[in-house]
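> Structure, please.
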Amino acid sequence: MRFISAAMVFLTHALSASLFASMEAQVAFMNVVLQGGWAAVSYFFVLSGFVLTYAQRATDTPKTFWRRRFLKIYPNYLVTLIAAVLLTMFVANMAFDGGTTALHALLLQAYSPSLAVRTALNTPAWSLSCEALFYLCFPLLAWAVNRIRPQRLWLWTGIVVAAIFAMPLVAKLLPAQPPIPGFGLTELEMWFIMQFPPVRMLEFVFGMVLARIVMTRRRVPLGLGGALAFSIAVYVLAQFLPMHYRVVAISVIPVGLVVMAGAVRDTQGTTNWLGNKVFTWLGETSYAFYMWHFLVLIYIRQLFGSPTGWSTPAAYGMMALLFGITVLLSWALYALVERPVMQKFAYSRRRPRPGAGSTSGGPGAGTPQPAATPEPAAAGAATPAS
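This is a model prediction of the structure:
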């Protein structure tokens, strides 16, 4: 599932690559994929909280948890950040901005209310700025979530969802600005609702509570098929909602149901084509895919000329080519950086390394590996995650 979500983000950002010569084709494509990109980011944030809670180790400490998180996300992040700096300087011919680059290097860019700062260099990396806060707070959040009595987990789920739906109302209290043309949100509203780490952490906490629901064997309302059908229905209906709710809130419940239903299937030993070797491999490389895709769409696309785009069939062909290039670069980054770093440095030599199945959260998040007896007291930490 995580690779499908990363692919949805790719398709959304393909709108920035000027692939379609026809404006009608561009608008039609946007109407299909845009909601999917927003939902995919919610999926990553919810999955992060779910999997890290599900795979906790009782013997873990905050220090060992933070060490694994850093080694999982930062090497890939640094490689693509350096690539982005070089591309903006030598391909886009933009001056080096030391202050903005420092914010990105420190994973602090999403705290800036300036859209130009948040989206500089490698635009999708703002979500890693959010993930960094989630990981920093996880030990404390886990302590709090683990104290919730099983009978009250659904109540707390509703409270967190209500808080998420309240954020667009809170955003209305921000200083007035004209809306971004064609978008419907002001720059400050976009920042607060979509990219401000403390606000997006609500989805992470939502995922944590859902994990406790599965671990304590509370009843899950829908199976995977029903959760997917509900998600498709919400996807279609979302276009009729105000933009303030489309970008985050409307996707949270469908995403949560899909994550829970998928985890329940895993605990029952049930799998489908999403669990085959190809999708498992794609899932493992999906964090690298997420970190590369925007740079490929913006810069490698330029190598093929035609700045005003192609005919509609040729535009889809170019999109497929850029997608394939992104997959190849992702495999290289995973094989040469991500996997070797995790294998060599992420785990103490005194404790065995995890098995082949990785668990993870965030862009490129892994699928939870069911414990033999998934009890709430089975604490610990996730294996390689993003």
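
> Which positions in stretch 275-293 come out as buried?
Under the neighbour-count criterion of 16 or more other CB atoms under 10 Å, stretch 275-293 has 275, 279-280, 282-293 buried. Placement of C-beta: from N, CA and C, glycine included.

> what sits against Val161?
Neighbouring residues of Val161 by CB atoms under 8 Å, 6 or more residues apart in numbering: Phe206, Val252, Ile253.

> so what's Asp97 up against?
Contacts for Asp97 were tallied using CB under 8 Å, 6+ apart; they are Ala120.

> cool, and Ala346?
Applying CB under 8 Å, 6+ apart, the residues contacting Ala346 are Arg67, Arg68, Leu71, Lys72, Pro384.

> So which of those residues are in helices?
Among the contacts of Ala346, the members falling in helices are Arg67, Arg68, Leu71, Lys72 (criterion: DSSP state H).

> Which members of those are classed as buried?
Buried, going by 16+ other CB under 10 Å: Arg67, Arg68, Leu71, Lys72, out of these.

> right, and the last one touches Val337 too?
The reference is to Lys72. No. Lys72 lies out of contact with Val337 (CB atoms under 8 Å); the separation is 11.0 Å.

> Could you find the closest non-adjacent residue to Val327?
Phe289 (6.6 Å; CB to CB, 6 or more residues apart in numbering).

> wait, is the one you found part of a helix?
Yes. Counting by DSSP: H, G, I helix; E, B strand; the rest coil, Phe289 is located in a helix.

> residue contacts, it?
So Phe289 contacts Phe3, Ala6, Ala7, Phe10, Leu282, Thr326, Val327, Ser330, Gly364 (CB under 8 Å, 6+ apart).

> coming back round to it: may I ask which of the contacts of Val161 has the most neighbours?
When neighbours are counted by other CB atoms under 10 Å, Phe206 leads the contacts of Val161 with 27 neighbours.

> can I assume that one sits in a helix?
Yes. Judged by three-state DSSP, Phe206 forms part of a helix.

> Test my guess that it contacts Val252.
Yes. Counting by CB under 8 Å, Phe206 does reach Val252; the two are 6.4 Å apart.

> shared neighbours of these two, which are they?
Val46, Val161, Ile164.

> SS state for the first one?
So the one you mean is Val46. Val46 is classified as helix under three-state DSSP.

> Just give the number of residues close to the closest residue in space to Pro150 that isn't next to it in sequence.
In space, and not counting its chain neighbours, Pro150 is closest to Thr216: 4.2 Å by CB to CB, 6+ apart. Thr216 is flanked by 15 other residues according to other CB under 10 Å.

> Check the spacing between Thr216 and Val145 real quick.
11 Å (CB to CB, to the nearest Å).

> Pick the one among the contacts of Ala346 closest to Tyr299.
Comparing the contacts of Ala346 against Tyr299 with CB to CB picks out Lys72 as the nearest, at 25.6 Å.

> Could you check how far that closest one is from Ala335?
15 Å.

> again with Ala142
Distance check for Ala142 against Ala335: by CB to CB, it reads 32 Å.

> For these two, indicate the residue with more neighbours.
Ala142 (22 against 13).

> Identify the residues contacting the more buried one.
Residues in contact with Ala142 (CB under 8 Å, 6+ apart) are Leu52, Thr53, Gln56, Met208, Ala379.

> Which of the shared contacts of Phe206 and Val252 sits closest to Arg246?
The closest of the shared contacts of Phe206 and Val252, once distances to Arg246 are taken by CB to CB, is Ile164, at 13.1 Å.

> Okay, the closest one and Ser330: tell me how far apart.
Counting by CB to CB, the separation of Ile164 from Ser330 is 30 Å.

> Can you pull out the low-pLDDT segments for the protein?
347-386 (pLDDT under 70).

> tell me which element Pro307 is part of?
For Pro307, there is no helix or strand it lies in under DSSP states H and E.

> Now it, what are its backbone angles?
Phi and psi for Pro307, reported as degrees, to the nearest 10, are phi -60, psi -20.

> who's in contact with the nearest residue to it once chain neighbours are set aside?
Leaving out its chain neighbours, the residue that sits closest to Pro307 by CB to CB, 6+ apart is Ser18, at 6.3 Å. Applying CB under 8 Å, 6+ apart, one finds that Ser18 lies in contact with Arg301, Pro307, Thr308, Gly309.

> OK, contacts around the residue nearest to the third one when sequence neighbours are not counted?
Counting by CB to CB, 6+ apart, Ala21 is the residue found nearest to Thr308 once chain neighbours are left out, at 5.8 Å. Ala21 makes contact with Ser306, Thr308, Gly309, Trp310, Ser311, Thr312, Ala315 under the criterion CB under 8 Å, 6+ apart.
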